[in-house]
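J.: Structure for the following, please:
(one chain, ligands or ions: 1)
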Amino acid sequence: MLKITKFGGSSVASSTQFKKVKDIVMADTARKFVVVSAPGKRDASDTKITDLLYLLDAHRQYHVPADNVFNLIKERFMEIKKSLDLKYPIEKDLDQFYANLAHMNQDEIVSRGEYFCAKLMAEYLGYDFVDAKDIIRFRLDKTIDWEATTKKLQAKVAQHPRFVFPGFYGSAANGQIQVFSRGGGDITGAILAKCLDADIYENWTDVSGFLMADPRIVKNPRQITHITYSELRELSYMGASVLHEEAIFPVKEKNIPIHILNTNRPQDKGTIIQERTTTKMPYAITGIAGKKDFLSIYIYKKHMSNEVGYIRRALSILENYNVSVEHIPSGIDSFSIVIAKKEVEDCLYEMLARMKAELKPDKMDVLEDLALISTVGKNMSDKPGTSGKLFAALGDARINIRMIAQGSDEINITVGVKCEDFKRTIQVIYDAFVTKEDINE
Ligand code: ASP
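T.: Just a heads-up that it's a prediction; the model follows:
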């Protein structure tokens, strides 16, 4: 059994968290390869090391002295070193890093959070340290060079049977350090799991997996114990964020399960993300997520269905303004284009004028302040009546549905409602599919 065990920023935020990590790693001999993020927040008012490093870089760019920021970073690492009585001379390496700042680029600077954290963690666990810079290789187009990365990793594993690996970065073709997007430590873990054919990718964080709805909206929502990659993709896209979206792809290809676990409550079951699962799910839906601040452009044109290329022309105007589209629900002579408000902040009225001039619609309306809510579940496609139940519940609650879209793989139904109905819609859907089921049981 081989596990890739990744700990996020809050799991390595202090010496106290380091101790929890050690207990977890030592509890299972399959946890041979450990990936760490940079120390994150110790509490809500704290600052992540990576944010401090970005700040340090901003000072470098504007040639402003950054001693204060550097000292904050140093203190954080020194607390871990001193409290755990580690030998690694991190103060020397940190000072050297600071002295060298002017000669480094942004990616290298911000990658040091995970680098120093991995060095300390390796010593603390009695594992080797393997640098991501020597293993993870990016191509010129910023995608992963899988062949080179797999080869290098497999060679390293032969020399280092147990190691700690810094997340978030690798190196470009020219040897310079390159980072992933924020939260990218999750991607590193997924890469290791794929290249080493792990049995499971454990992702330890500060929540016990995914909940069926946002706990700020629904009181004590149920835990999702199993979820497929595609369901998760839908939920994360709509705002349920625990794992970096890009972390799914490497493991999905090999059907390696991702297990989300809580470093502060290791006894909790967490959520298993997998392509297929035989576990019987208790509810018809898996989860509900949503986002506010969309708008919809409604276009009606008589006999549109006979006019070749009409929708394409509308979309090409959006493309000209570099606007990406969320949904295009359509009727016979009409369609709507749903977009995120922030996409058209500066260009909406100019773009609408162009649409009017070029498309000559018989009617065109803009519906502002739209919220989208997705009800996701792989069981929905073979369960007749799911959408009926959803619409009936919203109808009973007198929530006006202004748009409906269903993904072609039938694992989600998305409704558009007024932003003011956002929370209530989520609650009503949750009650219809979960609370009422619980009561009937
Ligand atoms: N430290 C990086 C960030 O804060 C990457 C990570 O935590 O995964 O974005």
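J.: Could I get the contacting residues of the residue of the stretch 101-250 of the chain found nearest the ligand?
T.: Distances from the stretch 101-250 of the chain to the ligand, computed as Cβ to the nearest ligand atom, single out Gly185 as the nearest residue at 2.8 Å. All C-beta atoms are positioned from the backbone trio N, CA, C, and that covers glycine. Residues near Gly185 by Cβ atoms under 8 Å, 6 or more residues apart in numbering: Lys6, Gly8, Gly9, Val35, Val36, Ser37, Ala38, Glu114, Gly167, Phe168, His244.
J.: repeat that with 10 Å
T.: For Gly185, the residues meeting the contact criterion (Cβ atoms under 10 Å, 6 or more residues apart in numbering) are 6-9, 12, 35-38, 40, 50, 113-114, 117, 132, 165-169, 203, 244, 247.
J.: Then Thr47?
T.: The contact partners of Thr47, by Cβ under 10 Å, 6+ apart, come to Gly40, Lys41, Leu55, Val69, Leu72, Ile73, Arg76.
J.: run the last query once more with 8 Å
T.: When contacts are counted by Cβ under 8 Å, 6+ apart, Thr47 touches Lys41, Leu72.
J.: Check which helix or strand it maps to.
T.: When secondary structure is defined by DSSP states H and E, Thr47 falls outside every helix and strand.
J.: mind checking pLDDT for it?
T.: Among the per-residue scores, Thr47 holds a pLDDT of 97.
J.: Now do the residue of the stretch 251-400 of the chain found nearest the ligand: how many residues are near it, please.
T.: Across the stretch 251-400 of the chain, the shortest distance to the ligand (Cβ to the nearest ligand atom) belongs to Thr263, at 13.6 Å. Using other Cβ atoms under 10 Å, Thr263 has 20 neighbouring residues.
J.: Quick check: it touching Ser11?
T.: Yes. When contacts are counted by Cβ atoms under 8 Å, Thr263 is listed as touching Ser11 (3.9 Å).
J.: so what sits against both of the two?
T.: With contacts defined as Cβ under 8 Å, 6+ apart, the residues shared by Thr263 and Ser11 are Gln17, Lys20, Val21, Trp204, Thr205, Asp206.
J.: Please enumerate the helices of the stretch 51-200 of the chain.
T.: Assigned by DSSP state H, counting those that start in this stretch, the stretch 51-200 of the chain shows helices spanning 67-84, 90-99, 106-125, 146-159, 185-195.
J.: Could you see whether the ligand lies near the first one?
T.: What that stands for is helix 67-84. No. No part of helix 67-84 sits near the ligand under the criterion Cβ under 6 Å from any ligand atom; the closest distance found is 12.6 Å.
J.: Just list what that helix packs against, helices and strands only.
T.: Taking 3 or more Cβ pairs under 8 Å, 6 or more residues apart in numbering; DSSP states H and E as the contact definition, the neighbouring helices and strands of helix 67-84 are helix 15-26, helix 49-61, helix 90-99, helix 106-125.
J.: okay, those, which one's buried deepest?
T.: Per residue and on average, the most neighbours among those fall to helix 106-125, with a mean of 23 (mean count of other Cβ atoms under 10 Å).
J.: what sits up against stretch 325-335?
T.: With contacts defined as Cβ under 8 Å, 6+ apart, stretch 325-335 is touched by 294, 298-305, 311, 314-315, 318, 336-340, 363, 372, 403-405, 414.
J.: let's go with 6 Å and repeat that
T.: Ile299, Tyr300, Met304, Ser305, Ser336, Ile337, Val338, Ile339, Met403, Ala405 (Cβ atoms under 6 Å, 6 or more residues apart in numbering).
J.: Can you flag the buried ones in those?
T.: Under a neighbour-count criterion of 16 or more other Cβ atoms under 10 Å, the subset of the contacts of stretch 325-335 counted as buried comprises Ile299, Met304, Ser336, Ile337, Val338, Ile339, Met403, Ala405.
J.: Now, these that are in strands?
T.: Ile299, Ser336, Ile337, Val338, Ile339, Met403, Ala405 (DSSP state E).
J.: The last one contacts Val415, doesn't it?
T.: The one in question is Ala405. No. Contact status for Ala405 versus Val415: not in contact, 8.0 Å apart, counting by Cβ atoms under 6 Å.
J.: Contact residues of the stretch 101-250 of the chain facing the ligand?
T.: Contact residues (Cβ under 6 Å from any ligand atom) of the stretch 101-250 of the chain with the ligand: Gly113, Gly167, Phe168, Arg182, Gly183, Gly184, Gly185, Asp186.
J.: okay, the closest residue to the fourth one other than its chain neighbours: pLDDT?
T.: So that's Arg182. With Cβ to Cβ, 6 or more residues apart in numbering as the criterion, Arg182 has its nearest non-adjacent residue at 7.5 Å, and that residue is Thr50. pLDDT, the model's per-residue confidence, is 98 for Thr50.
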